[in-house]
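A.B. asks: What follows is a predicted structure for the sequence shown.
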Amino acid sequence: MNMEYILSLMLHLPPSLRDRRRYLRFEVFCEREIDKSELLKEIWDSLYALYGDVGASESKVWLIEYHKSEDTNNGLGILRCAHDKVDEVRASLACIHSVNYAQVGIRVIKISGTIKGATRLRR
Amino acid sequence: MLNYFDLNVHAYPETDASVEELLSVAKRYGYAGIAITNHDEVVQEQKESNAVFYGVEIKANSVSDLKRKINLHWGKVSLLAVHGGNDKINRAAVENPKVDILAHPCGERGEGGLNHVLVRYAAENGVAIDVNMNAIIHSRRGERARTLGKMREILKLVRKYNAPTILTSHAHSIYDLRAPREMIALAALFGMSKEEATGALCDIPRGVLEKRWKKERDVEII
């Protein structure tokens, strides 16, 4: 890898040209504990199945974080997507019925324009 | 604050999920109430409250069997649903004003359907057409494409004849329930607008429980 390539990765776009994003904070009800990679695979599968390769690329989904809650098997996570594809991403999350043969149900709790806003709890 | 209702949930003894569990998850998701509609072959005890309603989903293999079972259960439960799918059963259900809901008219896996005649009957008799979200969630590829196509057709007809439509989860476990906003996003997949979907989750289910369409359209139940 040459230096120029590494620099190009580090370059940031000016704010006016950056993608507008939304961060979805979601909750996963599950039968047993599931890990981040299993969930991510299922999210992408669902997105591909519902909107195809073009739709999936347009929605720019990225799983920021996912962790299990302390007392139950349920999990909490934050997902990033394009600002105009929130409803599509929500529908594809709703279509997930199982992760690795464990039944799950996903609900979006909060939508925000920043990670900080999505992390902050209501009330 | 809108009151969301899910009028087709299957609970213990038909499935493993208990009513209390289902209700606590539904409340957390933002529902005001759920209706337990187990199939008629299962006997259950009924503890009605202002958040849990009990109904029955009648499964019949012939038109005469359906009529007999409707008369048997009518007046004893707060919701009378018919397990749709078969064309003849669908027709007999929408023609009968005693029926409140025609559950999954295109079958649990999209095998039957509705036409303009049936939807007009449903509108006249105040039979709510139920759109089953579980069919979208649990199928993939060709099967889901067919189901969504059927739902699009139904939506076109109910818009034309102004028949009551409700969105339900057909949940068999707590993992099958979906929050109201997720249901609205799923309804958008077959072309339902946000306003229509909200109505199908709040106002119309409430009207079905209050038997509003039976009163409005002066349906005579003999």
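C.D. replies: Noted; the coordinates are in hand. Keep in mind it's a predicted model, so treat the numbers as computed, not measured.

A.B. asks: Can I get stretch A:31-48 in CSV? Just the C-alpha atoms.
C.D. replies: The C-alpha trace of stretch A:31-48 is given here as CSV (Å, rounded to 0.1, in the frame of the first residue of the first chain):
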residue,chain,number,x,y,z
GLU,A,31,-34.9,-16.9,22.7
ARG,A,32,-31.2,-17.3,23.4
GLU,A,33,-28.2,-15.0,23.3
ILE,A,34,-27.1,-14.0,19.8
ASP,A,35,-23.9,-12.3,18.8
LYS,A,36,-23.2,-9.4,16.6
SER,A,37,-22.0,-11.2,13.6
GLU,A,38,-25.0,-13.6,13.5
LEU,A,39,-27.3,-10.6,13.8
LEU,A,40,-25.5,-8.6,11.1
LYS,A,41,-25.7,-11.5,8.7
GLU,A,42,-29.4,-11.8,9.2
ILE,A,43,-29.9,-8.0,8.8
TRP,A,44,-28.1,-8.0,5.5
ASP,A,45,-30.0,-11.2,4.3
SER,A,46,-33.3,-9.6,5.1
LEU,A,47,-32.3,-6.3,3.4
TYR,A,48,-31.2,-8.2,0.2
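
A.B. asks: Pull out the buried residues from that stretch.
C.D. replies: By neighbour count on 16 or more other Cβ atoms under 10 Å in any protein chain shown, the buried set for stretch A:31-48 is A:31, A:34, A:39, A:40, A:42, A:43, A:45, A:46, A:47. Glycine gets a C-beta too; all of them are placed from N, C-alpha and C.

A.B. asks: Outside of stretch B:167-174 itself, list whatever touches it.
C.D. replies: A:29, A:103, A:105, B:6-10, B:14-17, B:21-22, B:25, B:103-104, B:108, B:130-135, B:176-178, B:183, B:187, B:197, B:200-201 (Cβ atoms under 8 Å, 6 or more residues apart in numbering or on different chains).

A.B. asks: tell me which parts of chain B are close to chain A?
C.D. replies: B:25, B:29, B:136-138, B:140-141, B:144, B:173-179, B:181-183, B:185-186, B:188-189 (Cβ under 8 Å from any Cβ of the partner chain).

A.B. asks: Can you tell me which of those are buried?
C.D. replies: Among the residues of chain B next to chain A, those buried by neighbour count (16+ other Cβ under 10 Å) are B:25, B:29, B:136-138, B:144, B:173-179, B:181-183, B:185-186, B:188-189.

A.B. asks: hey, what's the residue nearest to the spatial centre of chain B bridged with?
C.D. replies: For chain B, residue B:130 is the residue whose C-alpha lies nearest the centre (Cα atoms, centre = their mean; 3.7 Å). Residue B:130 has these beta-bridge partners by DSSP bridges: residue B:166.

A.B. asks: Keep only those of the contacts of stretch B:167-174 that are in helices.
C.D. replies: Among these, the ones falling in helices (DSSP state H) are B:21, B:22, B:25, B:133, B:134, B:135, B:183, B:187, B:197, B:200, B:201.

A.B. asks: Which of the residues you listed are buried, as a ChimeraX select command?
C.D. replies: Of these, the buried ones go into a single ChimeraX selection, burial set by 16+ other Cβ under 10 Å:
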select /B:22,25,133,134,135,183,187,197,200,201
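
A.B. asks: can you put the ones in helices among the contacts of stretch B:167-174 in JSON lines and add pLDDT?
C.D. replies: Below are the ones in helices among the contacts of stretch B:167-174 laid out as JSON lines (pLDDT from 0 to 100):
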{"residue": "B:21", "pLDDT": "87"}
{"residue": "B:22", "pLDDT": "89"}
{"residue": "B:25", "pLDDT": "90"}
{"residue": "B:133", "pLDDT": "89"}
{"residue": "B:134", "pLDDT": "88"}
{"residue": "B:135", "pLDDT": "87"}
{"residue": "B:183", "pLDDT": "93"}
{"residue": "B:187", "pLDDT": "93"}
{"residue": "B:197", "pLDDT": "92"}
{"residue": "B:200", "pLDDT": "92"}
{"residue": "B:201", "pLDDT": "91"}
